[in-house]
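*Asks:* I would like to see how this sequence folds:
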Amino acid sequence: MSHGKQFTLYTHKAGPNGWKVVIVLEELGLAYESLYLDLHKGEQKDPEHTKYNPNGRIPTLIDHEHDDFVVWESNAIIAYLVDKYDTEHKISVVKFEEKIIQLQWLFFQASGQGPYFGQLAFFVFHSKEKHPSVIERYKNEIIRVFEVLESVLDKQEWLIGGKCTVADLSFLMWDCAALSIGVLINHEFDLEKNFPAVHKWHTAMLARYAVKKTLAVKESLSN
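*Replies:* Sure, this is the predicted structure:
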């Protein structure tokens, strides 16, 4: 592989998990090249990609300045980036206990938010057969995830450390996807009304320079 930047990111133009990683790369000012795989053509399953990521999913990150070290799974990539490169702790925490809580939220995002949001989108928009009980289950789980976040964020501005960290940023892109395509519950769903603390948190993240830049690039690729 020829490369002119430190990182190569195998990703997708629309997939939220790849853009989660881009936000962190941008926050840390790291130089990277994105290779956009066509998931409809199954390019994520091609040997050129699976030689790095046996799971055949995106994102996959290669760190060329460290012996082409490969990391896959979006939150594992995020943990790697902040542990190795966020030496000033711009978007990460310092104390051991806080690091565990930061990791706790990354696990919750990866096991709770992402799969439930993604599965609901699949069964609503892509499944040939409609399964009302399945759709209802995922809708209820999405509400539950928001309830968990609201219960914490109505007492504090950020999830950990009193500042915006990767614990917070890991949730952003799936929230954006859900809100933009109307996956959430029904057309009457109002994030600001139903979950005001989450809405405030979400809005604060959208105002960050790295987030604005990332979303602008994403939008340009969809045109």
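*Asks:* what comes into contact with the lowest-mean-pLDDT helix or strand in the chain?
*Replies:* For the chain, counting by mean pLDDT, DSSP states H and E, helix 114-121 ranks last in confidence among helices and strands (a mean of 79). Identification of contacts with helix 114-121 by Cβ atoms under 8 Å, 6 or more residues apart in numbering yields 16-17, 135, 138-139, 141-142, 145, 174, 177-178, 181, 183. In this view, the C-beta of every residue, glycine as well, is placed from N, C-alpha and C.
*Asks:* extract the CA atoms of that helix and return them as CSV.
*Replies:* The C-alpha coordinates for helix 114-121 follow below in CSV (Å, rounded to 0.1, in the frame of the first residue of the first chain):
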residue,chain,number,x,y,z
GLY,A,114,-25.1,1.5,17.8
PRO,A,115,-26.6,-2.0,17.4
TYR,A,116,-30.1,-1.0,18.4
PHE,A,117,-30.2,2.1,16.2
GLY,A,118,-28.7,0.1,13.3
GLN,A,119,-31.0,-2.9,13.7
LEU,A,120,-34.1,-0.6,13.8
ALA,A,121,-32.9,1.1,10.6
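*Asks:* domain-wise, how is the chain divided?
*Replies:* 7-89+212-222, 96-209 (automatic domain parsing).
*Asks:* quick one: pLDDT of the residue of the chain most remote from its centre?
*Replies:* Going by Cα atoms, centre = their mean, the residue of the chain most distant from its centre is Glu129, 28.0 Å out. Looking at Glu129, its pLDDT stands at 84.
*Asks:* distance check, it against Tyr116.
*Replies:* 19 Å (Cβ to Cβ, to the nearest Å).
*Asks:* now Glu43
*Replies:* When Glu43 is compared with Tyr116 (using Cβ to Cβ), they lie 26 Å apart.
*Asks:* the more surrounded of those two?
*Replies:* Each of Glu43 and Tyr116 has its neighbours counted (other Cβ atoms under 10 Å); Tyr116 has more, 21 against 17.
*Asks:* excluding chain neighbours, give the residue nearest to that one in space.
*Replies:* Distance criterion Cβ to Cβ, 6 or more residues apart in numbering; nearest residue to Tyr116, sequence neighbours excluded, is Glu141 at 4.2 Å.
*Asks:* name the SS class of that neighbour, please.
*Replies:* Glu141 carries the three-state label helix when classified by DSSP: H, G, I helix; E, B strand; the rest coil.
*Asks:* count of neighbours near it?
*Replies:* Quick note: Glu141 (other Cβ under 10 Å) scores 17 neighbours.
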